[in-house]
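S.K.: Please work out how this folds:
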Amino acid sequence: MSLSTFPPASASPFAMPSPFNVAGAACPCTSVAETCAALIMPLAESSLRTLQDVRALPRDCAARDWTGQAADLYTEQLAQLAKAVPSAEHLAERARVLCQGNEM
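M.R.: Here you go, the predicted model:
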């Protein structure tokens, strides 16, 4: 093979024809993004609803007539869980927003 068969060093590799740039054909990335969005969107929305319930747990449990070490430990663990809700809500909301951006 001679060196004359290779493209010149100054040629951009992006200038070569791509199998994905066929006239009238959609990029496969678009259908993958749409499929992922269709799968992720309901999960993100469900997660947001569940996280709202988790946020209310400490308040709901504090209203019960339960005292003692086990009650204190349980209440403390629920409070720690509720503290993590804003971070998890942010992630679920971000996923939902990203999926909306991919809807075609």
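S.K.: C-alpha only now, for contacts and for neighbours.
M.R.: Fine.
S.K.: buried stuff in the host helix or strand of Q52?
M.R.: Using DSSP states H and E, Q52 sits within helix 28-62. Under the neighbour-count criterion of 16 or more other C-alpha atoms under 10 Å, helix 28-62 has 33-34, 37, 40-41, 44-45, 47-48, 51, 54-55, 57-58 buried.
S.K.: Including distance to R64 and pLDDT, could these go into CSV?
M.R.: Compiled in CSV, these are given as follows (distance: C-alpha to C-alpha, whole Å; pLDDT from 0 to 100):
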residue, distance to R64, pLDDT
A33, 46, 81
E34, 46, 84
A37, 41, 85
I40, 36, 87
M41, 35, 87
A44, 31, 87
E45, 30, 88
S47, 26, 89
L48, 25, 88
L51, 21, 88
V54, 16, 85
R55, 16, 85
L57, 11, 81
P58, 10, 81
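S.K.: Out of those, the closest to H90 would be?
M.R.: Checking the buried residues of helix 28-62 against H90 by C-alpha to C-alpha gives L48 as the nearest, at 9.1 Å.
S.K.: show me what contacts that closest one?
M.R.: By C-alpha atoms under 8 Å, 6 or more residues apart in numbering, L48 lies in contact with E89, A92, E93.
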